[in-house]
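[1] sequence first, then the predicted structure:
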Amino acid sequence: MNEIAKKYLLKFNRFSSDEIDLIIKNTSVETFKKGDILIQEGNICKKCYFVLKGCLRQFKVVDGVEKTTEFFLDGEPVVLYSSYLNGKPSEYTIQFIENSTLISGTREQELVMHNSNPSIEHLTHNLMFEDYKKAENYITLLNCFNAEKRYLMLMKSRPEILNRIPLIYISSYIGVTPESLSRIRKRILKNRD
């Protein structure tokens, strides 16, 4: 499993073999099955993760209904920062949509790596920055556009989601019912003809 992580890290072309060895030494590779829960709402997020292969969704239960708020695919970090950094109970659940392989590490392991090598700390900050940009884009998506435009923007910005994630979760993510999403998709297809 560590070989999978090494191959992935080599893609960055910015780590020396010593840096990769440090990362491998301070992380674990874990596998999960479709449907498994990575983090349950109300529990503390004690690890940060990075998706080597797979697909996950983040959701919150509101009035008995699951509201999907994020998706995580290959090459993306998975962490609930407010819980992970502050040791507070998570407000979200993260569930696997596909069988998945992730790199995981604790805050203590992360700090050991940061102290040993500043380039690893730089990578962590870049990943956090990308996560914040994703969150900002999602807030804008929900608050500034109608449902059809939200779906079109999702098609453009994250097309890989549409092939890997069930429509029930996509409809929840863009804030519509599955029936409304079906009508939106039909209208878009009709307009393309």
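    Sure, I can see it.

[2] going along the chain, name the helices of this protein.
    2-10, 17-25, 81-86, 107-116, 118-144, 147-157, 159-164, 167-174, 178-192 (DSSP state H).

[3] can you tell me which of the ones you listed is most buried?
    helix 167-174 (a mean of 19; mean count of other CB atoms under 10 Å). (Each C-beta comes from the backbone N, C-alpha and C, glycine too.)

[4] contacts for that one next, please.
    By CB atoms under 8 Å, 6 or more residues apart in numbering, the surrounding residues in contact with helix 167-174 are 57, 59, 66-71, 97, 141-142, 147, 150-151, 154, 161-162, 177-178, 180-182.

[5] and if you look at stretch 100-108?
    Against stretch 100-108 from outside (CB under 8 Å, 6+ apart): 1, 4-5, 8, 26-32, 38, 46-56, 78, 84-85, 113.

[6] any idea how far it is from the chain center?
    Centroid separation for stretch 100-108 versus its chain: 13 Å, with CA atoms, centre = their mean, to the nearest Å.

[7] send the alpha carbons of that stretch over as PDB?
    Taking Å, rounded to 0.1, in the frame of the first residue of the first chain, the C-alpha atoms of stretch 100-108 are listed here in PDB:
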ATOM      1  CA  SER A 100     -11.700   3.900  -1.800                       C
ATOM      2  CA  THR A 101      -8.000   4.100  -0.800                       C
ATOM      3  CA  LEU A 102      -6.900   7.000   1.400                       C
ATOM      4  CA  ILE A 103      -3.700   8.200   3.000                       C
ATOM      5  CA  SER A 104      -4.300   9.200   6.600                       C
ATOM      6  CA  GLY A 105      -2.400  11.000   9.400                       C
ATOM      7  CA  THR A 106      -3.000  12.600  12.800                       C
ATOM      8  CA  ARG A 107      -2.400  16.200  13.700                       C
ATOM      9  CA  GLU A 108       0.600  15.100  15.700                       C
END
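
[8] buried ones in that stretch?
    100-105 (16 or more other CB atoms under 10 Å).

[9] and which of the residues you listed is nearest to I188?
    Comparing these against I188 with CB to CB places S100 closest, at 29.8 Å.

[10] how much space separates that closest one from Y169?
    Counting by CB to CB, to the nearest Å, the gap from S100 to Y169 is 15 Å.

[11] and K60, how many residues sit next to it?
    14 (other CB atoms under 10 Å).

[12] please pick the buried ones from the contacts of stretch 100-108.
    5, 8, 26-29, 32, 38, 47-52, 54-56, 78, 84, 113.

[13] give the contact list for V29.
    Listed by CB under 8 Å, 6+ apart, the contact set of V29 reads 1-2, 4-5, 52, 101-104.

[14] if we use 10 Å, what do you get?
    1-6, 8, 50, 52, 101-104 (CB atoms under 10 Å, 6 or more residues apart in numbering).
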